[in-house]
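1. Next come a sequence and a model predicted from it.
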Amino acid sequence: MAFIIHKNMADKISPQAEKLFNALKSAGIVSEDKATSAEKATTMSKLPKAQCMNAIQELEKRGVVKKRKKNNAVDYYLAKTEL
């Protein structure tokens, strides 16, 4: 059985990921030196923690968000300023 994925279905982004993206962009988290923790991203986006983490993963897969490891912590920043 083959599945056909239409281009616009594959390009669709979840509302949570879009909300997180907009929150990070408006906060100026657009470079590695301004990276922020997942907790702060959760607060900025006003999303529940699990939804925020899923949104981070979704944006990471698309190459929009990158992570920076700092000691034992991981911070996130926008690698792209457009979806």
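-> Received it, and whenever you're ready, just let me know what you need. Residues are numbered from 1 along each chain as shown.

2. and Leu78, how many neighbours does it have?
-> 21 (other Cβ atoms under 10 Å). C-beta coordinates here come from the backbone N, C-alpha and C atoms, glycine included.

3. what's whatever helix or strand Thr43 lives in packed up against?
-> For Thr43, the enclosing helix or strand under DSSP states H and E is helix 38-45. When contacts are defined as 3 or more Cβ pairs under 8 Å, 6 or more residues apart in numbering; DSSP states H and E, helix 38-45 sits against helix 15-26, helix 49-61, strand 73-78.

4. switch to 6 Å and redo it
-> Contact here means 3 or more Cβ pairs under 6 Å, 6 or more residues apart in numbering; DSSP states H and E; on that basis helix 38-45 packs against helix 15-26, helix 49-61.

5. That one vs strand 73-78, what angle?
-> Helix 38-45 and strand 73-78 are oriented at 40 degrees to each other (axes from the mean of the first three to the mean of the last three Cα atoms, to 10 degrees).

6. how about the CA coordinates for helix 38-45, as PDB?
-> In PDB, the C-alpha atoms belonging to helix 38-45 read as follows (Å, rounded to 0.1, in the frame of the first residue of the first chain):
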ATOM      1  CA  ALA A  38      12.900  25.100  26.800                       C
ATOM      2  CA  GLU A  39      11.300  26.300  30.100                       C
ATOM      3  CA  LYS A  40      11.600  29.900  29.000                       C
ATOM      4  CA  ALA A  41      10.400  29.100  25.500                       C
ATOM      5  CA  THR A  42       7.300  27.400  27.200                       C
ATOM      6  CA  THR A  43       6.700  30.600  29.200                       C
ATOM      7  CA  MET A  44       7.100  32.900  26.200                       C
ATOM      8  CA  SER A  45       4.800  30.800  23.900                       C
END
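
7. And the residue lying closest to Gly28 once chain neighbours are set aside, how far from Gln51?
-> Leaving out its chain neighbours, the residue that sits closest to Gly28 by Cβ to Cβ, 6 or more residues apart in numbering is Lys34, at 6.1 Å. Lys34 sits 23 Å away from Gln51, going by Cβ to Cβ, to the nearest Å.
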